[in-house]
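Peer 1: Would you be able to build a 3D model of this:
(2 chains)
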Amino acid sequence: MGLHVRAATLLCKAAMKYQSTVTIAKGSAVADCKSCLDLLSLMSPQGTKLALTVDGVDESEATKEIVNLFNMKFYEDEFASAESIATSKSKV
Amino acid sequence: MKYYHGIPVSPGVAIGLVTVLANNRVSVRRRMIEPSQVPSELQRLDDAFERAQSSIVKSRDEASEQIGEQYGRIFDAHLMFLQDPSLRRMIENAITNEHVSAEYAAATAFDYYAQRLRSLPDATYAERASDVADVKDCLLSELTLVARDEVAESENRSILAASFLAPSEASKLDAEKTLAIITENGGRGSHTAIVASALGIPTVVGLGPFLSDVYDNCLAIVDGDKGQLILDPTLEVVEEYQRKLDALKEDRRRRLQMSRKLYATTTDGVDVAVEANIEFPYEAKKCVEYGAVGIGLYRTEFLYLTDTNGVLPDEETHFKAYREVLSTMGHDRLTVIRTFDLGADKIPEGRSFAREKEPNPFMGLRSVRLSLRRTDMFREQLRAILRASVYGKCAVMFPLVTTIREWRQAKMIFHDVCEEFVEKNAPFDSNIPLGIMVETPAAVVMLDQFAREVDFFSIGTNDLLQYTQAVDRSNKEVNSLYAQESPALLRLIRRTIEVANTYGRPTAVCGQMASVPANVPLLLGLGLRALSVSPESILETKEICEWFSIQECETIARQALMMETADDVRAYLRESLNRKRSEVVPSSSDAT
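Peer 2: Residues are numbered from 1 along each chain as shown, chains lettered A, B, ... in the order given. Sure, this is the predicted structure:
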């Protein structure tokens, strides 16, 4: 499983802490990370490539925390998505 | 200006402003707002979100405290969805750009996400979808709460627009405040139709989707004679209808003149009894005013459907209603009380009537079947009728009798209750005639057996037609088959009268069919001498009876019986009536 309910919730809560716009794209589908509903609807099976975009004044801190979430496999191995690598493409 | 065509179910014309009834129990309909209303609609949405949030927080705290924190956390998910920025954007965009109501915008957005979650191949997402639905309900109830208050507050008379009116809602209608009723769904025999014509409110149902073009307080004309709705009419059209309204008033005055004579007499001297169908006790006064010979059908179910607060009406409530009707009608005008015709689409609210949902309620435990099952309710009603029977002349009629056994059981219970009165030495009329409604093909086919035991018959054309054509009258897909002029129905009516006459049993027609002016000569021609119609139709029905001779009516009936389709019959009957009308009332060039 990729973005499981729990993972989506954590991701959403993390994104909410920052002013920056945080989006995750799966192919052409883009989800606002602050919208749990968007994230859930984007459900991606394990191994899907997701592209993370963070844009705003606190983008570097936000990117760090969110990438960390992915790397920590959302603190729970069973939900981890070993291959879905978040690639930060901070825009300025 | 935009025209819509629907089914006319209660005559009359109204010009006025529309109030859209936000109906929470049915799915939220697409309702438009005016561009200028966008800011206030957004504000309304914002307020509703705030109230919804505090209500969820409150539920969460209560749940945590009372049943444990893990239950409280369920509401955290609800809060998260309620605060979801994408969802909120979607709702606001719909209001701002598409000019739809906050209710519709919110319902659409929530449904969109719930649907997406449900389509994902994992059960955990489906659970979240039901959370989304819960949050939707919470927000919508906050939104419609305000909307409903607004309707209640509006002092002006308005045209009520809704997708559908449930019988319990219809019976709460306020005739003083309602100019006309327009609904998207519903058919000729629907209960909205019955109540509306009882209250004399012009009504058109089955208009199809029109609510998307309506906004609160837009100008509309409802033509309950033609079954037409005109939105945003031009000034010329308004003036044209204003003239029509004036002409209708004039007609009324003319007919009231002749209402002093009780029986209508055909040109060859045959008396026809025009009786009334009523729901509410206060209608009895109108029946007397319009010169009804009696009440051919007093429907009692509305005692169970109006403001009961979930409690079934007690004997005293029944008694007071019957006493009011019988004292108004007196001993010279017969009142036929039909015992409760509940079930099908008429289900009282509340626990005292709780029962399993039936998959096919129109074929289910309804009418006399229910009376024989719930003998407690049945006896209570019969006791009230007997107590009231000293105030006026009444008869009792059982609905939807299909077997002789049901009739005998119902009769036995009636006599049993009479025995109680004799034992208590309580006053009651010991000569109350007992009859049955003829409203199933089974009753018609077996009528000779009934005729040996039953005092009188009344043909309920609405149900008889529904069961004969096997058609759900409120289903828009098939209700074209529900035509009052169905040749099959005509043959059943003819047979009923033939058998009833053989046994000398008086027979009336009390269905909607008799209230259609063009059907009057047909029914007389089929042999009927008693027609029970809505109070609003009494004057016109009497007038039409006086235009024809029985011989002419018999010719019309013979022709109609030979026709193949309901459309042919309807066209022929209209033409016959119009020809007669132009002979008798030369000024009526505008024949309908």
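Peer 1: how close does the residue of chain A found nearest chain B get to B:Ala133?
Peer 2: Among all residues of chain A, A:Ser35 sits closest to chain B, at 3.5 Å; criterion: Cβ to the nearest Cβ. For the C-beta atoms, the positions are set from N, CA and C on the backbone; glycine is no exception. Using Cβ to Cβ, to the nearest Å, A:Ser35 is found at 18 Å from B:Ala133.
Peer 1: if we can go back for a sec, my read: the residue of chain A closest to chain B touches A:Lys13, true?
Peer 2: No: A:Ser35 is not in contact with A:Lys13 according to Cβ atoms under 8 Å; the separation is 12.0 Å.
Peer 1: Compare the two (neighbour count), which wins?
Peer 2: A:Ser35 (27 against 14; other Cβ atoms under 10 Å in any protein chain shown).
Peer 1: and that one, what does it touch?
Peer 2: A:12, B:84-87 (Cβ atoms under 8 Å, 6 or more residues apart in numbering or on different chains).
Peer 1: By pLDDT, rank these and give me the bottom one.
Peer 2: pLDDT across these is lowest for A:Cys12, at 87.
Peer 1: before we move on, which element is that one in?
Peer 2: helix A:5-16 (DSSP states H and E).
Peer 1: quick one: contacts for B:Cys138?
Peer 2: Counting by Cβ under 8 Å, 6+ apart, B:Cys138 has contacts B:52, B:55-56, B:78, B:82.
Peer 1: how about the strands of the stretch 1-150 of chain B, start to end?
Peer 2: B:2-5, B:7-10, B:13-20 (DSSP state E, counting those that start in this stretch).
Peer 1: For B:Arg73, give its distance to B:Arg491.
Peer 2: B:Arg73 is 67 Å from B:Arg491, by Cβ to Cβ.
Peer 1: what is B:Tyr4 paired to in the beta sheet?
Peer 2: Note on B:Tyr4: beta-bridge partners by DSSP bridges are B:Leu229.
Peer 1: before we move on, the earlier item: need phi/psi at the residue of chain A closest to chain B.
Peer 2: phi -110, psi 110 (degrees, to the nearest 10).
Peer 1: Give the closest residue to it in space, chain neighbours not counted.
Peer 2: B:Ser86 (3.5 Å; Cβ to Cβ, 6 or more residues apart in numbering or on different chains).
Peer 1: Around that neighbour, how many other residues sit close by?
Peer 2: 18.
Peer 1: and what of B:Ile436?
Peer 2: Neighbour number of B:Ile436 under other Cβ under 10 Å is 28.
Peer 1: contacting residues around B:Arg157?
Peer 2: Counted by Cβ under 8 Å, 6+ apart, B:Arg157 has contacts B:16, B:176-179.
Peer 1: Next, count neighbours for the nearest residue to B:Tyr282 once chain neighbours are set aside.
Peer 2: In space, and not counting its chain neighbours, B:Tyr282 is closest to B:Glu324: 7.8 Å by Cβ to Cβ, 6+ apart. Other residues near B:Glu324 come to 18 when the count uses other Cβ under 10 Å.
Peer 1: for B:Ala344, same thing?
Peer 2: So B:Ala344, with other Cβ under 10 Å, has 21 neighbours.
Peer 1: now swap in B:Trp407 and tell me
Peer 2: For B:Trp407, the count of nearby residues is 21 (other Cβ under 10 Å).
Peer 1: Name the residues of the helix or strand where it lies that are buried.
Peer 2: For B:Trp407, the element it lies in under DSSP H and E is helix B:404-424. Neighbour-count burial for helix B:404-424, counted by 16 or more other Cβ atoms under 10 Å in any protein chain shown, picks out B:404, B:406-407, B:409-411, B:413-414, B:417-418, B:421.
Peer 1: Then stretch A:16-30?
Peer 2: For stretch A:16-30, the neighbour count (16+ other Cβ under 10 Å) marks A:18, A:20-24, A:26 as buried.
Peer 1: Please list all residues in contact with the residue of chain B at minimum distance from chain A.
Peer 2: For chain B and chain A, the shortest gap (Cβ to the nearest Cβ) falls at B:Ser86, measuring 3.5 Å. The neighbours of B:Ser86, taking Cβ under 8 Å, 6+ apart as the test, are A:32, A:34-35, A:37-38.
Peer 1: cool, B:Tyr4 as well?
Peer 2: The contact partners of B:Tyr4, taken as Cβ under 8 Å, 6+ apart, are B:207-208, B:210, B:228-231.
Peer 1: what about 6 Å?
Peer 2: If you count contacts by Cβ atoms under 6 Å, 6 or more residues apart in numbering or on different chains, B:Tyr4 has them with B:207, B:210, B:229.
Peer 1: Out of those, grab the one that's most surrounded.
Peer 2: Ranked by neighbours (other Cβ under 10 Å), the contacts of B:Tyr4 are led by B:Leu229, which has 26 neighbours.
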